[in-house]
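Student: From the sequence below, what's the structure:
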Amino acid sequence: MTKSLIIDASFTFKLILPGLHQTRCKLLMTQWEEAGHTLYVPTLWLYEITSALSKTVHFGVLTSTEGHRALQLAQKLNLQSIHPDDNLTRSAFDWTLQLKRAAAYDSFYLALAETLPAEFWTADKRLYNAVDANWIHYIGD
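Tutor: Reported below is the predicted structural model:
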């Protein structure tokens, strides 16, 4: 049975760059692709990935060439980008208030997962711990 899944920028970052969780993320992506699952992201995902990769280049973690290559990899993922409508925006706002956060970025992923409905996968342990729902998953578990 195919499913709808959400991945956030933290998951993608771990997927495209070598590190502790890259193997797990690659395995999950392969399994999801083979099962025919559809992966969704809110439009802000691309802004977050671009920003995170720019920071890694700025601080010398990656070269400019490596940063460009990583961005290309991210953009080649078969992800369906969802532009927020009024309902999704309101839901994200409510999530932000519920989590007592100042910024709504993470809340858009939560709102999208709740709206579709879909499983949500993240590499952000703090976010995972803040949400008490059976549809959110941490890559380290």
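
Student: any weak-confidence spans in the protein?
Tutor: The chain contains residues with pLDDT under 70 at 1.

Student: which residues does the nearest residue to G67 once chain neighbours are set aside contact?
Tutor: Among residues not flanking G67 along the chain, V57 sits closest, at 4.1 Å (Cβ to Cβ, 6 or more residues apart in numbering). C-beta here means a position set from N, CA and C on the backbone, and glycine is covered the same way. Applying Cβ atoms under 8 Å, 6 or more residues apart in numbering to V57 gives the contacts 63-64, 66-67.

Student: swap the cut-off to 10 Å and go again
Tutor: V57 makes contact with 63-68, 70-71 under the criterion Cβ atoms under 10 Å, 6 or more residues apart in numbering.

Student: Write the PyMOL selection for whichever of these are buried.
Tutor: In PyMOL, this line selects whichever of the contacts of V57 come out buried by 16 or more other Cβ atoms under 10 Å:
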select buried, resi 67+70+71
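
Student: Need the contacts of V57 in JSON lines (columns: distance to D8 and secondary structure).
Tutor: Shown next, in JSON lines, are the contacts of V57 (distance: Cβ to Cβ, whole Å; DSSP: H, G, I helix; E, B strand; the rest coil):
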{"residue": "T63", "distance to D8": "25", "secondary structure": "coil"}
{"residue": "S64", "distance to D8": "25", "secondary structure": "helix"}
{"residue": "T65", "distance to D8": "26", "secondary structure": "helix"}
{"residue": "E66", "distance to D8": "22", "secondary structure": "helix"}
{"residue": "G67", "distance to D8": "19", "secondary structure": "helix"}
{"residue": "H68", "distance to D8": "22", "secondary structure": "helix"}
{"residue": "A70", "distance to D8": "16", "secondary structure": "helix"}
{"residue": "L71", "distance to D8": "17", "secondary structure": "helix"}
